[in-house]
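Asks: Kindly generate the corresponding structure for this input.
(chains A, B, C and D)
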2 protein chains.
Amino acid sequence: MTVPTPGLRERKKQRTHDALIRVALELFTTQGYERTTVDEIVEAVEVSQRTFFRYFGSKEEVAFAVQHMVEELFVRALGERPPAEGPFDALRHAVLSSWDHAGEAIADVVPVELYLRNFQMIESTPALLAFHLRRSAETEETIARIIADREGLDVDGDPRPRIAVAAFSGVMRVTGQMWVRGTDQSLEGIRALTERYLDHLGPALAPHWRTGAAGDAP
Amino acid sequence: MTVPTPGLRERKKQRTHDALIRVALELFTTQGYERTTVDEIVEAVEVSQRTFFRYFGSKEEVAFAVQHMVEELFVRALGERPPAEGPFDALRHAVLSSWDHAGEAIADVVPVELYLRNFQMIESTPALLAFHLRRSAETEETIARIIADREGLDVDGDPRPRIAVAAFSGVMRVTGQMWVRGTDQSLEGIRALTERYLDHLGPALAPHWRTGAAGDAP
DNA sequence: TTGTCAATTGTCAGTGACTGACACTAGCCT
DNA sequence: AGGCTAGTGTCAGTCACTGACAATTGACAA
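Replies: Have a look, this model is predicted:
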């Protein structure tokens, strides 16, 4: 376990780290990502630019610090799903349960409202969206391995883990996308949308869509 | 329709444009993307750096010039699918048919072998992968609209077009990924892999995977 | 053919993200 | 107290990219 008091040096580091995130998100969401320079951030936190780049590998990375945490929450939730559950159910229940706990986890670092604004910004900033999608692709690989393990399969021998995860992640991406465009921008909102969209996956892959399922505005 | 001989000015532009692509891909695939500077490219083509950035918005963009063409091939193929075909079948047949015509289309601009090496490079270069995924996301939106039109639906009223396309694109991404990692790096190879992986999508979403489908190494 | 117009290109100066090298400061530990 | 070292600042430099303006060169009419 971790030491109760990690020493002054560690605490100072943590403070600088968190301050950089908070200030960066604040500036990003008010002025826009591109119109915010790293120099502005470090000036507000009173550290050198060099220090910023020792904490974060790039300007993009600081924008994803909180998002990263939320994703880890999901991966952990997936790991805790009962082995009897089928692959897709495990994925489904893992997201839903991670949304349940995301609120508190986020609030520990930044105001939830700031996180939500940040999420919107990611979707509408090309450079951040690209970064986000690449990171998601990496996470997909992790998830596919977990699913393969659950089923006692080899990720490189059976394509189903990667395929199932790719389809699942695709729907999750659309969910996030529609969520930021919709009106109910709350954590409950995305939870509901997640369930609704996952329910649509099966029918959407059916040979034809003759059954009317309209009226599903985001 | 276009004039048979578009004038000296136009031809010169086309030559510079194509030369930049060819030289860039050649340098990228031999030295690596990051280790190639824009200055090296423009020096080899004997134009100024400013000119490069008038043709391509970024260093990444030049790496996707050919890829972009192949994607347009797919979108066109989808548009030509018979309306009676169900959404997923239309998508499936459109990719397969576009792979059939991709070879010639590519050869018109660069050697196919150079294109294939370039594709591999994209998958293994973080900055390019990010760019690629973002562009793919944009293409998905286009495709979703086409599907919605085919079915007489409103993309913003019914989530199925975006969901189906997201799942489909996810599988296509995995296909490309596995293809570059595998041994059969030919256009026939990716065609075969496409069919195989799409066939796995349904089973992969089933409640459980008790049926053995191993031995499917990429 | 020549002169004019407009499209292309080049030059220059600058911004902003990022990196390596090295000196410096300040917790930590004996 | 004093040495060790993790963390920080400074500096100089690279590279992608951009706006402004000057120079060039096809296109096209007189």
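Asks: Would you mind measuring from whatever residue of chain A ends up closest to DNA strand C to A:Thr16?
Replies: Ranking the residues of chain A by distance to DNA strand C (CB to the nearest atom of the strand) places A:Gly7 first, at 2.7 Å. For the C-beta atoms, the positions are set from N, CA and C on the backbone; glycine is no exception. Applying CB to CB, to the nearest Å, the value for A:Gly7 to A:Thr16 is 15 Å.
Asks: How about the residues of chain A by DNA strand D?
Replies: Chain A comes close to DNA strand D at residues A:9-10, A:12-13, A:16, A:46-51, A:54-55, as judged by CB under 7 Å from any atom of the strand.
Asks: And those residues, which of them are buried?
Replies: In the residues of chain A next to DNA strand D, burial by neighbour count holds for A:Thr16, A:Val47, counting by 16 or more other CB atoms under 10 Å in any protein chain shown.
Asks: can you tell me which of the residues of chain A next to DNA strand D are in helices?
Replies: A:Arg9, A:Glu10, A:Lys12, A:Lys13, A:Thr16, A:Gln49, A:Arg50, A:Thr51, A:Arg54, A:Tyr55 (DSSP state H).
Asks: Next, the residue of chain A closest to DNA strand C: phi, psi?
Replies: When quoted as degrees, to the nearest 10, the phi and psi of A:Gly7 stand at phi 90, psi 150.
Asks: burial measure for A:Val109, as a count.
Replies: 16 (other CB atoms under 10 Å in any protein chain shown).
Asks: which residues touch it?
Replies: A:Asp18, A:Ile21, A:Arg22, A:Ala65, A:Val66, A:Met69 (CB atoms under 8 Å, 6 or more residues apart in numbering or on different chains).
Asks: Next, report how far stretch A:148-164 is displaced from the centre of its chain.
Replies: In terms of CA atoms, centre = their mean, to the nearest Å, the centre of stretch A:148-164 is set 23 Å apart from its chain centre.
Asks: what sits up against that stretch?
Replies: A:81, A:83, A:87-88, A:90-91, A:140-141, A:144-145, A:147, B:170-171, B:174, B:177-178, B:196-197, B:200-201, B:203-205, B:209, B:213-218.
Asks: and these, which are buried?
Replies: A:81, A:87-88, A:90-91, A:140, A:144-145, A:147, B:170-171, B:174, B:177-178, B:197, B:200-201, B:204-205, B:209, B:216, B:218.
Asks: A:Ser48 and B:Glu34, how far apart?
Replies: 26 Å.
Asks: could you give the angle of the helix or strand where A:Trp179 lies to helix B:160-181?
Replies: Assessed by DSSP states H and E, A:Trp179 sits inside helix A:160-181. Orientation check (axes from the mean of the first three to the mean of the last three CA atoms, to 10 degrees): helix A:160-181 against helix B:160-181 gives 140 degrees.
Asks: List the buried residues of helix A:160-181.
Replies: A:160-180.
Asks: and the next element down the chain from it?
Replies: For helix A:160-181, the following helix or strand on the C-terminal side (DSSP H and E) is helix A:187-205.
Asks: Not counting its own residues, what contacts that following helix?
Replies: Helix A:187-205 has contacts (CB under 8 Å, 6+ apart) with A:92, A:95-96, A:99-100, A:102-103, A:112, A:167-168, A:171-172, A:174-176, A:178-179, A:182, A:184, A:209, A:211, A:213, A:216, A:218, B:87-88, B:159-161, B:163-164, B:167, B:201-202, B:205.
Asks: pLDDT on stretch A:208-217, on average?
Replies: Averaged across stretch A:208-217, pLDDT comes to 61.
Asks: Then stretch A:24-37?
Replies: 97.
Asks: touching DNA strand C at all, that stretch?
Replies: Yes: residues of stretch A:24-37 are located near DNA strand C by CB under 7 Å from any atom of the strand, namely A:Thr36, A:Thr37.
Asks: Check stretch A:131-145 too.
Replies: No: counting by CB under 7 Å from any atom of the strand, DNA strand C has no neighbours in stretch A:131-145; the shortest distance is 9.4 Å.
Asks: Please export the C-alpha coordinates of that stretch as PDB.
Replies: The C-alpha trace of stretch A:131-145 is given here as PDB (Å, rounded to 0.1, in the frame of the first residue of the first chain):
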ATOM      1  CA  PHE A 131      -5.400  12.200 -30.400                       C
ATOM      2  CA  HIS A 132      -8.500  10.800 -28.700                       C
ATOM      3  CA  LEU A 133      -9.200   8.300 -31.400                       C
ATOM      4  CA  ARG A 134      -5.700   7.000 -31.400                       C
ATOM      5  CA  ARG A 135      -5.700   6.500 -27.600                       C
ATOM      6  CA  SER A 136      -9.100   4.800 -27.900                       C
ATOM      7  CA  ALA A 137      -7.600   2.400 -30.500                       C
ATOM      8  CA  GLU A 138      -4.900   1.500 -27.900                       C
ATOM      9  CA  THR A 139      -7.500   1.000 -25.200                       C
ATOM     10  CA  GLU A 140      -9.400  -1.300 -27.600                       C
ATOM     11  CA  GLU A 141      -6.400  -3.500 -27.800                       C
ATOM     12  CA  THR A 142      -6.200  -3.800 -24.000                       C
ATOM     13  CA  ILE A 143      -9.900  -4.500 -23.800                       C
ATOM     14  CA  ALA A 144      -9.700  -7.200 -26.600                       C
ATOM     15  CA  ARG A 145      -7.000  -8.900 -24.600                       C
END
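Asks: That stretch close to chain B?
Replies: Yes: using CB under 8 Å from any CB of the partner chain, stretch A:131-145 reaches chain B at A:Phe131, A:Leu133, A:Arg134, A:Ala137.
Asks: And stretch A:66-74, by the same measure?
Replies: No: using CB under 8 Å from any CB, stretch A:66-74 stays clear of chain B, with a minimum separation of 14.9 Å.
Asks: which other residues reach that stretch?
Replies: A:21, A:25, A:94-95, A:98, A:101-102, A:105-106, A:109-110, A:115, A:118-119, A:122, A:132, A:135, A:139.
Asks: Now, of the residues you listed, which are buried?
Replies: For these, buried by 16+ other CB under 10 Å: A:21, A:25, A:94-95, A:98, A:102, A:105-106, A:109-110, A:115, A:118-119, A:122, A:132, A:135, A:139.
Asks: What about those residues, which are in helices?
Replies: Among the buried ones among the contacts of stretch A:66-74, the ones falling in helices (DSSP H) are A:21, A:25, A:94-95, A:98, A:102, A:105-106, A:115, A:118-119, A:122, A:132, A:135, A:139.
Asks: Pull the contacting residues for A:Phe119.
Replies: Contacts of A:Phe119 by CB under 8 Å, 6+ apart are A:Gln67, A:Gly176, A:Val180.
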